[in-house]
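> what's the 3D shape of this:
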Amino acid sequence: MGRNTIRYIIILATFSVLGIILIQFFFLKNTVDLNEKKFHESTTQALNGVAHKLAIYNQKLTGKEKKPNLTNEVDQISNNYYVVNVNEDIHPDLLEHFLLDEFKNHNLKVDFEYAIYDCENEKMVYGKYLNEENDSLQEKLLVNRSVDGCGAEDVLFEQHYNTKSAKKECGLPTCEKYTYYFGVSFPNRSKYYSNQIHAWYVVSGFMLIVILFFGYTLFVIFKQRRLSEIQKNFINNLTHEFRTPIASIDLSSKVISDPKIINHPLRLKEYTNIISEQTQRLSAQVDKVLQMASIEKQVLQIDLQAIELNSFVQKSIEDFKTSQNGNTYAINFESSVSDWNVKADQLHFSNVIFNILDNAIKYCDEAPNIWVSLSEGKKQIYLKFADNGIGIPKEFRKKIFGRFFRIPTGDIHNVKGFGLGLDYVRKIIARHDWEIEVADNSPKGSIFTIIIPKK
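Numbering: from 1, shown residues only. Coordinates of the predicted model:
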């Protein structure tokens, strides 16, 4: 799949998901607005019905027969607080019964708190909080007490003259506009909306799953594309690395197979050395690949032994110099740490030093100059490798430790390799519970720092 194809797919998929989210948001907002309007209308109708019943019942108490003046007003003081002007005395038990009855008729299944304004004390009194459990209890009590055809209003009519409720102040706000009124608050108003838009919650959950799946799909696409590029680069590098020694061995074997070569012993020795060197090179590359495979399978055994850092690092540097076909490089070593022992695997620790020094030489466009130093902190020992190479851009300093990763250089590959060396370094460092960092070595080059905790 081409880069442009992936880009178009991502753009189209992103706009599709955004469009679905916007449509869902529009419908959800519209649903909430409709429920808000429905709740306000139902509440207003229910409270008007309560005021109407109170007016009729007060006329029954006074013996009047004319129709009540239905000019009652319902005011919404705040988002969840209403006051109702009744211009009549209000009995709290009667008010409670009418509220429960009207809310039930209008299917308002929500908790509420009511109170009555006391004009003498200028406070809201008889406050009471009611929920669905209170509703059931009140209805049960009224049904049990309503016998011989007497309704609930008749029971409360009896209470009106035979009992007096204690005035309890409450925290509901007053309204200066009216004198005889009651207030109703809905503290858990959101419960009404959650019941109404429950289906939208399900849709939103489904959309969240779709978005997460979309994000995961993009992650997999990018990961597979990156792995595909890494695999392609690895195969190309592997081909180049193996082709050169194989071609050299093939050419040398053909020359040696000539019977006349025996008359030229120096030439014979030269081609024999070429075969030996190229075989060792080929074997080293195969070992490197197999070594990384064994580390991936977690079969690598670490043999921790006590080593003295100064002597070990110095010896590893000398061994590295002698391994470079007689070439000498400026590798300077200095240490401010004296006689410090650490637990490490000698073979793998030595290979780590070899890999870092080898990279410092390979990725240098002038005479390599490397400074190796040991320093001591409060809790760590620092082993630093500073070089004068081409350096590592900041955006690649974490990626260089990835398997098969090589810094992009376009179509030019001056340095051959598999991109396995620093991956090996990272894994060996991690197996020792150490750390490694990369920094810029101004004005040119890089600094690799191995951080060894003091234990």
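
> check the separation of the first and last residues in stretch 353-371.
Stretch 353-371 has an end-to-end distance of 13 Å (CA to CA, to the nearest Å).

> avg pLDDT for it?
Here stretch 353-371 scores 85 as its mean pLDDT.

> could you check it and say which residues are buried?
Buried residues in stretch 353-371, counting neighbours by 16 or more other CB atoms under 10 Å, are found at 353-357, 359-361, 363-364, 368-371. C-beta here means a position set from N, CA and C on the backbone, and glycine is covered the same way.

> list the contacts of it.
Stretch 353-371 has contacts (CB atoms under 8 Å, 6 or more residues apart in numbering) with 313, 316-317, 319-320, 323-324, 329-332, 334, 384-390, 415, 417, 421-422, 424-425, 445-446, 448.

> in helices, which of those appear?
Counting by DSSP state H, the part of the contacts of stretch 353-371 found in helices is Val313, Ser316, Ile317, Asp319, Phe320, Gly421, Leu422, Tyr424, Val425.

> of those, buried ones?
Among these, those classed as buried by neighbour count (16+ other CB under 10 Å) are Val313, Ser316, Ile317, Phe320, Gly421, Leu422, Tyr424, Val425.

> in a markdown table: the buried residues of stretch 353-371, plus distance to Val438 and secondary structure.
Converted to a markdown table, these look like this (distance: CB to CB, whole Å; DSSP: H, G, I helix; E, B strand; the rest coil):
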| residue | distance to Val438 | secondary structure |
| --- | --- | --- |
| Ile353 | 16 | helix |
| Phe354 | 18 | helix |
| Asn355 | 13 | helix |
| Ile356 | 10 | helix |
| Leu357 | 15 | helix |
| Asn359 | 11 | helix |
| Ala360 | 12 | helix |
| Ile361 | 17 | helix |
| Tyr363 | 12 | coil |
| Cys364 | 16 | coil |
| Pro368 | 18 | coil |
| Asn369 | 18 | strand |
| Ile370 | 15 | strand |
| Trp371 | 15 | strand |
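
> quick one: which of these is nearest Asp339?
Of all the buried residues of stretch 353-371, the one sitting nearest Asp339 is Ile353; the distance, using CB to CB, is 19.5 Å.

> only the C-alpha atoms, please, for stretch 266-278, written as PDB.
Provided in PDB are the C-alpha atoms of stretch 266-278 (Å, rounded to 0.1, in the frame of the first residue of the first chain):
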ATOM      1  CA  LEU A 266      53.100 -14.800  -2.000                       C
ATOM      2  CA  ARG A 267      50.000 -14.400  -4.100                       C
ATOM      3  CA  LEU A 268      48.700 -17.800  -2.800                       C
ATOM      4  CA  LYS A 269      49.100 -16.500   0.800                       C
ATOM      5  CA  GLU A 270      47.400 -13.300   0.000                       C
ATOM      6  CA  TYR A 271      44.300 -15.000  -1.400                       C
ATOM      7  CA  THR A 272      44.300 -17.500   1.500                       C
ATOM      8  CA  ASN A 273      44.300 -14.500   3.900                       C
ATOM      9  CA  ILE A 274      41.400 -13.000   2.000                       C
ATOM     10  CA  ILE A 275      39.400 -16.200   2.300                       C
ATOM     11  CA  SER A 276      40.100 -16.400   6.000                       C
ATOM     12  CA  GLU A 277      39.300 -12.700   6.700                       C
ATOM     13  CA  GLN A 278      36.000 -12.800   4.600                       C
END
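
> pLDDT of that stretch, averaged?
In this model, stretch 266-278 has an average pLDDT of 84.

> report the buried residues of it.
For stretch 266-278, the neighbour count (16+ other CB under 10 Å) marks Leu268, Tyr271, Ile274, Ile275, Gln278 as buried.

> can you redo these as TSV with distance to Glu96 and secondary structure?
Putting the buried residues of stretch 266-278 into TSV (distance: CB to CB, whole Å; three-state DSSP) gives the following:
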residue	distance to Glu96	secondary structure
Leu268	116	helix
Tyr271	111	helix
Ile274	106	helix
Ile275	106	helix
Gln278	100	helix
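
> list just the nearest of these to Ile116.
Gln278 (103.5 Å).

> isn't the closest one up against Pro245?
Yes. Judged on CB atoms under 8 Å, Gln278 makes contact with Pro245 at a distance of 3.8 Å.

> how distant is the helix or strand that contains Glu96 from the center of its chain?
Assigned by DSSP states H and E, Glu96 belongs to helix 92-105. Distance, stretch centre to chain centre, for helix 92-105: 50 Å (CA atoms, centre = their mean, to the nearest Å).

> give me the next element, helix or strand, following that helix.
Next along the chain after helix 92-105, taking DSSP H and E as the criterion, comes strand 112-118.

> tell me what that following strand is packed against?
Applying 3 or more CB pairs under 8 Å, 6 or more residues apart in numbering; DSSP states H and E, we find strand 112-118 packed against helix 92-105, strand 123-130, strand 181-185.

> is it possible to get CSV of those that adds mean neighbour count and mean pLDDT?
Conversion of the helices and strands packed on strand 112-118 to CSV gives the following (neighbours: other CB atoms under 10 Å; pLDDT from 0 to 100):
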stretch, mean neighbour count, mean pLDDT
helix 92-105, 20, 87
strand 123-130, 18, 84
strand 181-185, 24, 90
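
> mind checking those for the one nearest to Lys29?
strand 181-185 (25.5 Å).

> and the angle from that closest one to helix 92-105?
Between the direction of strand 181-185 and that of helix 92-105, the angle (axes from the mean of the first three to the mean of the last three CA atoms, to 10 degrees) works out to 50 degrees.
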